[in-house]
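**Q** model this:
(one chain, ligands or ions: 1)
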Amino acid sequence: MSKLLKKPLKLALVQLATGSDKSANLSRARSKVLEATSKGANLVVLPECFNSPYGTKYFPKYCETLLPSPPTKEQSPSYHALSELAKEAKTYLVGGSIPEYWEETKKYYNTSLTFDPSGKLLATHRKVHLFDIDIPGKITFRESEVLSPGNKVTIVDLPEYGKIAVAICYDIRFPELAMIAARKDAFLSLYPGAFNMTTGKLHWELQARARAVDNQVYVGLCSPARDMEAEYNAWGHSMVVDPNAEVIAELDEKENIVYADLTGEKIEETRKGIPIYTQRRFDVYPDVSEGKVKYEE
Ligand SMILES: NC(=O)CC(=O)C(=O)O
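**A** Just a heads-up that it's a prediction; the model follows:
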């Protein structure tokens, strides 16, 4: 039995077509998650901002209150929809992300909630690295105009399987998060994310494969479906990459679900063949997962 992934796991990434109607987004997410579990998925992932359009002006309009936890149904219909869905579908569910407002600090966050098959909240990840970019003539985006960043690495223990890391979209560009999680024995790094028509083509697959090859772990990227009528055009191409950095499952830009069977043996085999895990030179450079890392399991 593999130490990292105790038994095979079927991962499903739901590339959801999202729109401006929150309750329609929630009910579409429900039917897609139930479809995924009817095909045997044990862990289902939704995209970044799955309950709202993606854009800074939408955060205040669509935000929900998550703290103190658990929120009431009025404070967070999405929290309750996800919790009930995880229980109904009997699955681990990474609820993409939703816009969050925290009354105490008067701040907005881009926040991901992970539930277990009994509907219990396992983890909350607030996007740590805000998407602030400016590529002249292509795309300018400043999440920091509205959002505040989270401040921790999120590692979630799925007791029958092992540990996974959850981060959001732009977080993937900072290899430290995935590296820290892998050193803490995560077998999979998951990123609900919405790259766009400029950066998607350039870096979506590259980032996924890079995080996988650096750490010899599985990586999953879950995008919304592309909507050319929306202000922000998501790249799509939700994908699963294996520990050897091969893309083992990928969608195009349309709404669909992509599945992959993950095994501990694949991780062991990859690490045996190219044993960077035992060849690291912490005498030359420090282990980034030690010291003052803020992480939560
Ligand atoms: N939307 C994001 O957070 C990130 C993105 O599109 C990119 O890194 O490119």
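**Q** who in this protein is up against the ligand?
**A** Proximity of the chain to the ligand, by Cβ under 6 Å from any ligand atom, involves residues Phe131, Cys169, Tyr170, Arg173, Ala194, Phe195, Asn196, Thr199. For glycine as for every other residue, the C-beta is placed from the backbone atoms N, C-alpha and C.
**Q** which of the residues you listed count as buried?
**A** Applying 16 or more other Cβ atoms under 10 Å to these, the neighbour count classes Phe131, Cys169, Tyr170, Ala194, Phe195, Asn196, Thr199 as buried.
**Q** the fifth one: what's it in contact with?
**A** For Phe195, the contacting residues are Cys169, His203, Trp204, Ser223, Ala234, Trp235, by Cβ atoms under 8 Å, 6 or more residues apart in numbering.
**Q** ok, now how distant is it from Phe115?
**A** To Phe115, Phe195 is 25 Å away according to Cβ to Cβ, to the nearest Å.
**Q** and the fourth one, by the same measure?
**A** Between Ala194 and Phe115 the distance is 21 Å, computed by Cβ to Cβ.
**Q** and the pLDDT for the closest residue to Lys107 other than its chain neighbours?
**A** Of all residues not flanking Lys107 in the chain, Ser148 sits nearest, at 4.1 Å (Cβ to Cβ, 6 or more residues apart in numbering). At Ser148, the pLDDT value in this model is 98.
**Q** pretty sure Ser148 sits against Thr111.
**A** No: applying Cβ atoms under 8 Å, one finds Ser148 not in contact with Thr111, separated by 10.7 Å.
**Q** more neighbours, these two?
**A** Thr111 (25 against 18; other Cβ atoms under 10 Å).
**Q** next, that one: secondary structure please.
**A** strand (DSSP: H, G, I helix; E, B strand; the rest coil).
**Q** one more: Leu221?
**A** Under three-state DSSP, Leu221 comes out as strand.
**Q** just Thr105 next, same as before
**A** Following three-state DSSP, Thr105 is assigned to coil.
**Q** just give the closest residue to it, not the sequence neighbours.
**A** Looking at Thr105 with Cβ to Cβ, 6+ apart, the closest residue is Ser148, at 7.5 Å.
**Q** from Pro175, how far out is that neighbour?
**A** 23 Å.
**Q** Ala89 too?
**A** For Ala89, the distance to Pro175 - Cβ to Cβ - is 32 Å.
**Q** quick one: which of these two has more around it?
**A** For Ala89 versus Pro175, neighbours defined as other Cβ under 10 Å are more numerous around Ala89 (20 against 14).
**Q** quick check: mean pLDDT of stretch 261-271?
**A** The model assigns stretch 261-271 a mean pLDDT of 98.
**Q** and what of stretch 83-101?
**A** On average, stretch 83-101 scores 98.
**Q** for it, how far is the first residue from the last?
**A** 19 Å (Cα to Cα, to the nearest Å).
**Q** centre of the chain to that stretch, how far?
**A** Distance, stretch centre to chain centre, for stretch 83-101: 12 Å (Cα atoms, centre = their mean, to the nearest Å).
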